[in-house]
Each structure stands twice: as C-alpha cells, then as structure tokens.
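Peer 1: Need the 3D shape of this:
(chains A and B)
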Amino acid sequence: MSGQVLCAVKMAPFSAPVRLPPQPDTRQQEMSRQLKDALESVIVLEKFPKSQIDVYVTVIEDDGSLLGACITAAGLALCHANIDVYDLVVGASVLFRGDVLYLDPRREEEEVSDNNQLTIGMIPKHAGGQIALMVQRSGQVAPQCLSECLNAAVDLCNRLHSLAQKTLLVHLQETLAHSSSSSSSP
Amino acid sequence: MADISLSEAEKRYIVDGVKLGIRVDGRERLDYRQLEIETGLVSTANGSARVRLGCTDVLITVKMEMEPPPPQQPKDGQIHFFVNCSANAAPEFEGRGGEDLATSLSAMLDRLYSSPLSLDTSRLCVVPGKHVKVLYVDVEILECGGNLFDTVSLGVKAALWATRMPRIYITGEDGGELEFMVSDNPQEVDRVDVSNAPILITHLRITENLTVIDPTPEEECCGPVQVVVGVTPKGLITTTQQLGAGTFAPQTLSASLKVIAFYYHPHHAHTFWECSSLFTLVAASGQFSSKT
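Peer 2: Below you'll find the model as predicted:
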C-alpha cells in the first residue's frame, strides 16, 4: 500500500478583511481537497509505503491567488522536508475579464464580480510539463479564451518554477555554509 | 469511486480499445450511455427529478423557503446544494465515508450556479432586504455507476426546471410586519428560468492524450484523473475542475475544452448525444424519459 497524503488549509481568523470563524468553512475544505489532489499526483507515493504525509497550510494574509500560493508553498515545503517528488510543484492564478488577462490577481481584482479565475498547479519539468490541478470558477467564457488563459498560466508557472528552484538553491547554499562554519570553529 | 478491482490485463484491454477508438460497451470515445430523466416524482417537494445514466441513479428534490437575505446581498435569492451519498449506493459510503465526495459535489454545484448568468437569483426576491426565496436542492445518490458529476448536474437542471413555487402576494402590513398570502391555485405558480443553466461534462484521461466522456466504473479504474467542465447551452464554459490524483498535459486539457465547444456548435449538435436536444426535452415536457 503506497503512502497517503493529508492536507489541511486553514485561514487565520485575521487573514481577510472580514473576520473568519476559527472552524474551517466550505471554501477551506474545498481548498484542502484540491491541494491534496495536486500533491498526490506530485509526490512519489510508492517510496512511502504504509505512511502518511501531512501537509498543513496556514494562511496568514489573503491578498489574492490564494490557491496558487498554497500549492507553491506546499511544493517548496515538501522539498525542504526531503520528500521525493516528480518535480517541484508550483501554482499560478490568472484572472480574465473581457479581453484582459490579469496574471497573479490581487484580492481587490478578484472581488470584482463577473470575472473568471483560473488556477493551475503544475510540474513544468516532468514529462514535458504536466498539470496536476486545474480549477476555474465563476463567470462564463468561450473555450478558446480558456485555452489562452491556460497557456498564460502555464507560462507563469514556468517562470515561477525557476524562481522557486533558485530559492531552494540559495537555502541549500546557506545551510551548507552555516554547517561548515559551525563545524570548523571548534 | 465504486469498489471494483481490475487486473492489469483487463485494464490493458480497456485502454487499448480506447486507443483504437472503441470502448468495451461498443461506444465511441465521445458517446453517452442511455439516459432517462423523470420529473415531478416527489409530491412533498416543489420540484424533483430522477436521472438514470447507465447504472448511475440519482434523485434530486428542490424545496423553496422564505428567509431574510444576508445584508451584503439584500436583493438576491439563494440556492443551496446538499448532497447525500446513500450507503445503498456503495458500501464505502457507510457512516462518514461518502462525505468527501458529497462536499466536492456540492462545492462543484455551488460554483456551477454561482454566476448570475447561469441562474438569475434576483428573480427570487420577494421584498428587498426582508424576504427572499431560498431554494434548497437536495441530491440523493441512489446508485453509483460511473460519471456521477454529469448525472447530478443534469438532474439538478431538470429538477429546477420542474420546480413550481406557489405565487406569494403581499396583502398588508401589521405593525411593521408584512402579511403574506400564498396562492393555493395550482395554476398560479412561479417557475425557475433554467434556459441558461449549465451542465457538467466529465472527461476521463484514459491514457496519454486520450480522454473519454461518460466513463463507466471500470473505465474510471483505468484512469485516476478527470476534468469536469461546466458548460452552458451556448457553449460557454462556466467552471472547470480537475479531480483525482494524476496529471494532464496542457495540450490534452485544451483539446478536451475544444471538443466541448466543437460539439456544442449548432452545426455539429446532431453528432453529439444531443445535449441541446436534451435541453429542449427538459424544456418541453413535464414527465418524460428520453432515449439517446
């Protein structure tokens, strides 16, 4: 039996302009489930038989593109925890209103009604780029337009991926430098 | 979803068949199974529908209540979805087993109907800021035979179409409280306009770059990942969600989205299982069962 993933996205009561109740509401449950779906297809679960990987995300402040940010954060945390993944997973969000695309929208932009939002989670370097999660909500849009948005989101993911890689690399260099200096001093 | 275990050889048989363009039950990749819709079954509800798609069986009821609206939307009625996965449908739904599926189904329906373009909730208003109509849509899963999302969305649309709400008259005011009279004339009813209400279409990724629609439980075993697309009669996409552990190539996703647009195009409508004809059927008769 391969490993299992448990995800919990929790929004702090002060993370939004309106105070949120401490119990997770349907939106948080839905995000937890979506994150779980994404991570299950990213983690090499065969390497973790009879075990469970718990991923807890606490949102301190929500300024838009929340699900995308959660995915990126979870991906980086998995790498930091030395858990085998097929590739570093990154999430990105695109908002589209009329003909205008908003990459990585802010909260105010999200709140305007009559807009469409597309969030994807992606492993860009695995098998030529694979989408682990795709969520689009509210509004009505022609399929061609949605394909365009998908391409834009994929581009954004590719850019985020190199950034995320750099972050990991810097972190690694810092820890290496730190450990070598601390071991040489005594 | 359903508790089926297939051997590698059986899976291979299904997947190789799809690669050749034919499925185990003789359908092509983009064919639906036989579909039956029946409306007006439950007399205690304002509207009800039962949908059978292959072995999948769902019962949907709509009840209307009058409630004060939330302060941020004083003029809009509301629609709430509750899904109950009966333990009769699958043994694993016993106790709290079906809860995950139920929440994802109701969240999907919430999103499907969240846009005012899908369902005009302002028409459910009785007295702005004081009383609005709230529609409670209860979904009962009776049997799980694959493709639950599509079946439920069809049922919800049919049940909303069949919903008849008694007309409400404001007769007077007494100390700031409004008095209502509910018409008991069966002819005097309000209907819900579902002409723009979307339905869901599920694409199951069966192998690299190949998707099938309306998967059977056996096919769902072969491919863990599916993309559910909400689409209106005009061919516009309202919501999309990828479900299950697995990944799609971006090209496959784009192709799945375009297929939906293609089949919804008026010139190609006859080649599809006549989604559009289903919409007319739902709009044309009260009680029917349609063969596709």
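Peer 1: Show me the helices in chain B, by range?
Peer 2: B:8-19, B:99-112, B:148-162, B:217-222, B:250-264, B:275-284 (DSSP state H).
Peer 1: List the buried residues of the first one.
Peer 2: Put plainly, it is helix B:8-19. B:Lys11, B:Ile14, B:Val18 (16 or more other Cβ atoms under 10 Å in any protein chain shown). From N, CA and C alone the C-beta is placed, and that goes for glycine too.
Peer 1: just curious, which of those residues is nearest to chain A?
Peer 2: Nearest to chain A among these: B:Lys11, at 17.2 Å, using Cβ to the nearest Cβ.
Peer 1: ok, for that closest one, nearest residue in space, not its chain neighbours?
Peer 2: Spatial nearest neighbour of B:Lys11, excluding adjacent residues (Cβ to Cβ, 6 or more residues apart in numbering or on different chains): B:Cys222 at 4.9 Å.
Peer 1: In chain A, where is pLDDT below threshold?
Peer 2: For chain A, the stretches flagged by pLDDT under 70 are A:113-114, A:184-186.
Peer 1: For it, which segments count as helices?
Peer 2: A:26-40, A:66-80, A:107-111, A:143-184.
Peer 1: Tell me which residues touch residue 50, please.
Peer 2: If you meant another chain, say so; for now it's chain A. A:Met1, A:Gly3 (Cβ atoms under 8 Å, 6 or more residues apart in numbering or on different chains).
Peer 1: oops, I was thinking of chain B
Peer 2: Per Cβ under 8 Å, 6+ apart, neighbours of B:Arg50: B:Ile37, B:Glu38, B:Thr39, B:Leu41, B:Asp57, B:Val58, B:Leu59, B:Ile60, B:Gly155.
Peer 1: One more pass at 7 Å, please.
Peer 2: For B:Arg50, the contact set (Cβ atoms under 7 Å, 6 or more residues apart in numbering or on different chains) comprises B:Glu38, B:Leu41, B:Leu59.
Peer 1: Against B:Val42, how distant is it?
Peer 2: Per Cβ to Cβ, to the nearest Å, B:Arg50 is found 9 Å from B:Val42.
Peer 1: Get me the contact residues on chain A for chain B.
Peer 2: Residues of chain A lying close to chain B (Cβ under 7 Å from any Cβ of the partner chain) are A:26, A:29-30, A:33, A:37, A:40-41, A:123, A:128-143, A:146-147, A:150, A:154.
Peer 1: follow-up on the earlier one: does the residue nearest to B:Lys11 touch B:Glu10 like I think?
Peer 2: No: proximity of B:Cys222 to B:Glu10 does not meet the contact threshold set by Cβ atoms under 7 Å, at 8.7 Å.
Peer 1: Residue nearest the middle of chain A, spatially speaking?
Peer 2: By Cα atoms, centre = their mean, chain A has its centre lying nearest to A:Ile71, at 1.4 Å.
Peer 1: Tell me the spatial nearest neighbour of that residue, not counting adjacent residues.
Peer 2: A:Gly91 (3.0 Å).
Peer 1: That neighbour: how many residues sit nearby?
Peer 2: By the criterion of other Cβ atoms under 10 Å in any protein chain shown, A:Gly91 has 29 neighbours.
Peer 1: again, but for B:Ile60
Peer 2: 31.
Peer 1: Isn't B:Val24 up against B:Val15?
Peer 2: No: checked against Cβ under 7 Å, the pair B:Val24 and B:Val15 is beyond contact range at 10.5 Å.
Peer 1: Need the pLDDT of the residue nearest to B:Lys11.
Peer 2: Looking at B:Cys222, its pLDDT reads 86.
Peer 1: tell me the contacts of it?
Peer 2: B:Lys11, B:Ile14, B:Val15, B:Ile206.
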